[in-house]
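A.B. asks: Below: sequence and its predicted model.
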Amino acid sequence: MLLVKPTPSVVQALADMFSILGDPTRVRIVDVLAEGELCVCDIAEHIGTSESAFSHQLRLMRSMRIVRGAARALRVLQLDDQHVLDLFQQGLRHVSEERR
């Protein structure tokens, strides 16, 4: 149960976030970063694409606060915060469980 009824702008922001996470490439990026921060080149290698091919994806994900640059290095990314990891893990559990 929600403690506070969301405003229309919060509802739109939530829908936008789920829309961003609705892309398989972006889900793979979150999956890779769920293990910890990585360099952009390593993320590209893990998901099987070039850095330039997913730079647009990263821009979208940064704008929705799903990923952010790590403080210690310029080209290293990490999940923005624990909420993103929790959301990803809950969604993964939901789609992985067997229907009764």
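C.D. replies: Perfect, thanks for sending it.

A.B. asks: by contact count, what packs against the helix or strand of the chain with the lowest mean pLDDT?
C.D. replies: The weakest-scoring helix or strand in the chain, judged by mean pLDDT, DSSP states H and E, is helix 51-63 (a mean of 88). Counting by 3 or more C-beta pairs under 8 Å, 6 or more residues apart in numbering; DSSP states H and E, the packing neighbours recorded for helix 51-63 are helix 24-33, helix 40-47, strand 67-69. C-betas here are computed from N, CA, C, even on glycine.

A.B. asks: would you turn the ones you listed into JSON lines with distance to residue 15 and mean neighbour count?
C.D. replies: Putting those into JSON lines (distance: least, C-beta to C-beta, whole Å; neighbours: other C-beta atoms under 10 Å) gives the following:
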{"stretch": "helix 24-33", "distance to residue 15": "15", "mean neighbour count": "18"}
{"stretch": "helix 40-47", "distance to residue 15": "25", "mean neighbour count": "16"}
{"stretch": "strand 67-69", "distance to residue 15": "19", "mean neighbour count": "18"}
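
A.B. asks: of all those, which lies closest to residue 14?
C.D. replies: Comparison of those against residue 14 by C-beta to C-beta identifies helix 24-33 as nearest, at 16.1 Å.

A.B. asks: could you give the angle of the closest one to helix 51-63?
C.D. replies: 80 degrees (axes from the mean of the first three to the mean of the last three C-alpha atoms, to 10 degrees).
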